[in-house]
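Peer 1: build the 3D model from these lines:
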Amino acid sequence: MGTPAATLLRTADTVARLGDSPAAFAPLPKQDLLDALHAIADLRQCCDTFSAWIAGELNRRSSTDLGSAGLAQQEGYRTPQAMVEAITGTTKGGAVSIVEVGKMLAETDAVETLKREHPELPAPPTPWHAPIAHAVTDGKVSIAQADAIRAGLGLPTDAVPAEALSEAAVELVEDAATLTAAQLHRRARQLRDDLDDTELADREKAQLEQQHLKAWKRPDGMVEGKFLYAPEPGAFLLSVLDELTNPRRGGPRFVKEEDRERIDAILNDPRPTERLAADGFLELLRIGADADPGQVYGSRRPAVRVIVTKESLDSGEGHGSIQDTGEAVSIGTIRREVCSTGTVAVVLDDNGQCVNVGREQRLFTSRQRIGLAVRDGGCMWPGCDRPPSWCEAHHINQWKRDHGKTDIADGVLLCKHHHLLLHNNGWDIRRTGGQYTLLPPRSVSPTREPRHLATKSRAVQDWNARRHRLRDRTLARPSDSASPGD
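Peer 2: Numbers count the residues shown, from 1 in each chain. Here you go, the predicted structure:
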């Protein structure tokens, strides 16, 4: 692979040969244009690595212990982050990421250099984030991805030691090739929650205390405001928004006949979507304010569905997740939800298939869609983050073309955009046991190289991880037939 400096020179030379103006790219065939974009991405990643190295040293020379003698303050900046932001032209958040990753790289390099050059001296342990630092230097993750992993995993504690965080970092670095920075951050937070459930309840409490809603009157008489809600009540708010506007924002096209009139009314309403949402929320407030205190409602309450294993619910150990957002929720919160809304049991077999929700008819039933939501966790298309409520159930063996059955094993969730893309552009999905693969058209991949479809479901990810841990413990257990001397 060569040194980072050699890689930088090689990628810079490749980019320099691409052209000198937009006109140079107009005649390029599709593959050459995509190759050019990949070359730019490689060069940017190389430059980001050098930026992080420089930022790490800049941060060291701007230590708060140095006060006004620090490099950043000498140059007229309050912090090294502000200096990086001003010089590079990046955003404030981007500058923070560069400095934080630079600190990781500098700390890792200092410890490893000391161990390598002075093995006779006592050295501090290798930092837990060393796998992230190595991945940045090797060009496997971007600065944004590295900072997302760091921030999502947090700091070591007595309950979550550095070794556990380091193992989680290795897993996330391996996943970085197929995940965006935002997706990596979300997955890192999930792994942190898996390592210590006690932190989850404390975080829920802290988030609830941060909730607020503010409103004020502007000089022109309009009333403006802002709000902040914790994940669970926030998911309820988003569910209400979906009820009011979802058909306008890419929601599923195939609905039960009794819902068709309501869906059509939303689609045909002349008001803009934002106005429709604003008017709808105001009407809900009026209804709530005028309600008879003795009246009991609940026949059509927007749903927030949480997913948890029966073992966790019975034992009180572990946690669950909000279906549409993947945010972790404590067992205490889930038990409160169960008390008010009840449960729907979904059984998974060894392939991760739902085995108790199957039917044979044209459209997937509501119960089947619950099973698909639990199993898939949202749109199965690689890189898509649409939640289950925005998805349609796709027949792998198409209903008309292949005489397919409406069986949950042969259905996958796709958002409307990717469902249409699949049908209109020649993509296909195939199933082998419990594994699903996406086959691109030959115009995209001449050999139709399959792409693995991974579940987005937090519940299934946790379930698989638990099965693997149990299997590993079983394999590691000494055989009953082994003699004491074995």
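
Peer 1: tell me who's in contact with the residue most central in space within the chain.
Peer 2: Nearest residue to the geometric centre of the chain (CA atoms, centre = their mean): Gln183, 2.9 Å. By CB atoms under 8 Å, 6 or more residues apart in numbering, the residues touching Gln183 are 383, 385. To be clear about C-beta, it is placed using only N, CA and C from the backbone, and glycine gets the same treatment.

Peer 1: so where does it fall, helix or strand?
Peer 2: Using DSSP states H and E, Gln183 sits within helix 181-195.

Peer 1: pLDDT on the helix or strand following that helix, on average?
Peer 2: Per DSSP H and E, the first helix or strand lying C-terminal to helix 181-195 is helix 197-210. For helix 197-210, mean pLDDT rounds to 84.

Peer 1: list the buried ones in helix 197-210?
Peer 2: Using 16 or more other CB atoms under 10 Å as the test for burial, helix 197-210 gives 197, 199-200, 203-204, 207.

Peer 1: and the angle from that helix to helix 181-195?
Peer 2: Here helix 197-210 points in a direction 120 degrees away from that of helix 181-195 (axes from the mean of the first three to the mean of the last three CA atoms, to 10 degrees).

Peer 1: by contact count, what packs against helix 197-210?
Peer 2: helix 181-195, helix 231-245, strand 328-330, helix 331-341 (3 or more CB pairs under 8 Å, 6 or more residues apart in numbering; DSSP states H and E).

Peer 1: those: lowest mean pLDDT?
Peer 2: Mean pLDDT, when computed for each of the helices and strands packed on helix 197-210, is lowest for helix 331-341, at a mean of 67.

Peer 1: next structured bit after that helix?
Peer 2: Next element after helix 331-341 (DSSP H and E): helix 366-376.

Peer 1: any low-confidence regions in the stretch 351-486 of the chain?
Peer 2: For the stretch 351-486 of the chain, residues meeting the criterion pLDDT under 70 lie at 351-365, 398-406, 473-486.

Peer 1: and the strands in it?
Peer 2: Here the stretch 351-486 of the chain has its strands, by DSSP state E, counting those that start in this stretch, at 391-395, 411-415, 428-432, 435-439, 451-453.

Peer 1: same list, those, but as a markdown table with mean neighbour count please.
Peer 2: Formatted as a markdown table, the strands of the stretch 351-486 of the chain follow (neighbours: other CB atoms under 10 Å):
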| stretch | mean neighbour count |
| --- | --- |
| strand 391-395 | 23 |
| strand 411-415 | 26 |
| strand 428-432 | 15 |
| strand 435-439 | 17 |
| strand 451-453 | 16 |
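
Peer 1: Thr137: which of the ones you listed is closest?
Peer 2: Among the strands of the stretch 351-486 of the chain, the nearest to Thr137 by CB to CB is strand 451-453 (27.6 Å).

Peer 1: next, report how far the closest one is displaced from the centre of its chain.
Peer 2: 17 Å (CA atoms, centre = their mean, to the nearest Å).

Peer 1: and what of stretch 453-461?
Peer 2: Using CA atoms, centre = their mean, the offset of stretch 453-461 from its chain centre is 11 Å.

Peer 1: circling back: redo the buried residues of helix 197-210 as CSV? Include distance to Met83.
Peer 2: Below are the buried residues of helix 197-210 laid out as CSV (distance: CB to CB, whole Å):
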residue, distance to Met83
Asp197, 40
Glu199, 34
Leu200, 37
Arg203, 33
Glu204, 37
Gln207, 33
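
Peer 1: quick one: the helices in the stretch 1-150 of the chain, in order.
Peer 2: For the stretch 1-150 of the chain, the helices defined by DSSP state H, counting those that start in this stretch occupy 4-16, 30-61, 71-74, 80-88, 92-117, 130-137, 143-153.

Peer 1: most tightly packed of those?
Peer 2: helix 143-153 (a mean of 24; mean count of other CB atoms under 10 Å).

Peer 1: for that helix, give me every contacting residue.
Peer 2: Contacts of helix 143-153 (CB under 8 Å, 6+ apart): 48-49, 51-52, 94, 96-98, 100-101, 104, 129, 132-133, 135-136, 141, 165, 168-169, 172-173, 176, 179-182, 184-189, 191-192.

Peer 1: can you list the domains in the chain?
Peer 2: Domain ranges of the chain: 4-195, 197-289+299-343, 366-471, per automatic domain parsing.

Peer 1: endpoints of the first one, how far apart?
Peer 2: What that stands for is domain 4-195. This stretch, domain 4-195, spans 34 Å end to end (CA to CA, to the nearest Å).

Peer 1: so how far is it from its chain's centroid?
Peer 2: 19 Å.

Peer 1: just the second one next, same as before
Peer 2: Domain 197-289+299-343 has its C-alpha centroid displaced from the chain centroid by 19 Å (CA atoms, centre = their mean).

Peer 1: do the shortest one as well
Peer 2: For domain 366-471, the distance from its own C-alpha centre to the chain's C-alpha centre is 17 Å (CA atoms, centre = their mean).

Peer 1: separation between the residue nearest to the centre of the chain and Ala176?
Peer 2: Distance, Gln183 to Ala176, using CB to CB, to the nearest Å: 9 Å.

Peer 1: repeat for Leu422
Peer 2: The value you get for Leu422 to Ala176, if CB to CB is used, is 26 Å.

Peer 1: please apply the same query to Ala135.
Peer 2: Relative to Ala176, and taking CB to CB, Ala135 is found at 7 Å.

Peer 1: which neighbours do the two share?
Peer 2: Contacts common to Ala135 and Ala176, judged by CB under 8 Å, 6+ apart, are Val141.

Peer 1: for the helices of the stretch 1-150 of the chain, give me a markdown table that also has distance to Arg467.
Peer 2: Listed next are these as a markdown table, based on distance: least, CB to CB, whole Å:
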| stretch | distance to Arg467 |
| --- | --- |
| helix 4-16 | 40 |
| helix 30-61 | 36 |
| helix 71-74 | 50 |
| helix 80-88 | 43 |
| helix 92-117 | 33 |
| helix 130-137 | 25 |
| helix 143-153 | 23 |
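
Peer 1: measure Val412 to Gly378 for me?
Peer 2: 11 Å.

Peer 1: with Gly56 instead?
Peer 2: Gly56 is 37 Å from Gly378, by CB to CB.

Peer 1: and if you look at Ala277?
Peer 2: 22 Å.

Peer 1: and those two? which has more neighbours close in?
Peer 2: Gly378 (25 against 17; other CB atoms under 10 Å).

Peer 1: Asp158 - that's part of a helix, no?
Peer 2: No - Asp158 is assigned coil when assessed by DSSP: H, G, I helix; E, B strand; the rest coil, not a helix.

Peer 1: give me the pLDDT value at it.
Peer 2: 87.

Peer 1: what is the neighbour count of it?
Peer 2: Asp158: 6 neighbours (other CB under 10 Å).

Peer 1: phi and psi next, for it.
Peer 2: Backbone geometry at Asp158, expressed as degrees, to the nearest 10, gives phi -60, psi -40.

Peer 1: from Ser51, how far out is Thr79?
Peer 2: 16 Å.

Peer 1: again with Asp279
Peer 2: Applying CB to CB, the value for Asp279 to Ser51 is 47 Å.

Peer 1: look up the closest residue to Thr180, ignoring the ones flanking it.
Peer 2: Gly383 (6.9 Å; CB to CB, 6 or more residues apart in numbering).

Peer 1: mind listing what that neighbour touches?
Peer 2: 178, 180, 183.

Peer 1: quick one: these as JSON lines, columns for distance to Ser457 too.
Peer 2: Formatted as JSON lines, those follow (distance: CB to CB, whole Å):
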{"residue": "Thr178", "distance to Ser457": "16"}
{"residue": "Thr180", "distance to Ser457": "18"}
{"residue": "Gln183", "distance to Ser457": "14"}
